[in-house]
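Q: Next input, structure requested:
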Amino acid sequence: MAARTVRLAGALIGAALLPLTACDDAPDEDRTTTAVQAARNYQQAGLDQDYKTVCESTTERWRRAQHAPTIAECVDLITTRRIGSTEGMRISTGKPIDLPAYGSHPAGTGIRVTIGPIGNDMYAHTALRLVPDDDTWLVDQAVNLMDGTDPTAVREALKRKK
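A: Residues are numbered from 1 along each chain as shown. Predicted coordinates:
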């Protein structure tokens, strides 16, 4: 359970659903803008400790991979680890990139999301794979970035971890 908690909590510093206005008809720029906002909202929900929204913002496939397939199990899992005070933390995002399908992950949009400062002016960088699902964007993959934060690092991180 501890390993699952660390994996899920590390990946889920936040989450939120964001309606994807006219997803099928929207130009690429509109889809990208909406995906970026979904990524920001995802992280903000985590900072706000709104774990139900965090879990609702992820794909069922992703939750199953974390051994928490239901929303209730996901919430139970991630509420066991809190990150402490989030006062003064800010969220920023990088340039969105198109991602091909990889392993069990569908094609989607990759975005770097950064939160901080945490503690002594440290920042946490996460690569997110967002996928459109009906009228929302859902997080299908989250990987902590260790080797850079540019679009190439985001793409490579999301290809390394299944």
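
Q: now the helices for the chain?
A: Taking DSSP state H, the helices of the chain run over residues 2-11, 28-47, 51-56, 60-65, 71-78, 151-160.

Q: Need those in JSON lines (columns: distance to residue 89 and mean neighbour count).
A: Every C-beta, even on glycine, is put in place using the N, C-alpha and C of the backbone. Formatted as JSON lines, the helices of the chain follow (distance: least, Cβ to Cβ, whole Å; neighbours: other Cβ atoms under 10 Å):
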{"stretch": "helix 2-11", "distance to residue 89": "16", "mean neighbour count": "15"}
{"stretch": "helix 28-47", "distance to residue 89": "6", "mean neighbour count": "20"}
{"stretch": "helix 51-56", "distance to residue 89": "16", "mean neighbour count": "21"}
{"stretch": "helix 60-65", "distance to residue 89": "24", "mean neighbour count": "17"}
{"stretch": "helix 71-78", "distance to residue 89": "17", "mean neighbour count": "18"}
{"stretch": "helix 151-160", "distance to residue 89": "21", "mean neighbour count": "18"}
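
Q: and residue 45, how far is that from residue 103?
A: As for residue 45, its distance to residue 103 is 26 Å (criterion: Cβ to Cβ, to the nearest Å).

Q: mind listing what residue 145 touches?
A: Residues in contact with residue 145 (Cβ atoms under 8 Å, 6 or more residues apart in numbering) are 112, 125-127, 153-154, 157.

Q: My error: substitute residue 112 in the last question.
A: Contacts of residue 112 were listed using Cβ under 8 Å, 6+ apart, and they are 93-95, 125-128, 145, 149-151, 153-154.

Q: thinking again about what came up before, any chance of JSON lines for the helices of the chain, columns distance to residue 107 and mean pLDDT?
A: Formatted as JSON lines, the helices of the chain follow (distance: least, Cβ to Cβ, whole Å; pLDDT from 0 to 100):
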{"stretch": "helix 2-11", "distance to residue 107": "20", "mean pLDDT": "41"}
{"stretch": "helix 28-47", "distance to residue 107": "12", "mean pLDDT": "86"}
{"stretch": "helix 51-56", "distance to residue 107": "22", "mean pLDDT": "93"}
{"stretch": "helix 60-65", "distance to residue 107": "14", "mean pLDDT": "91"}
{"stretch": "helix 71-78", "distance to residue 107": "24", "mean pLDDT": "91"}
{"stretch": "helix 151-160", "distance to residue 107": "11", "mean pLDDT": "92"}
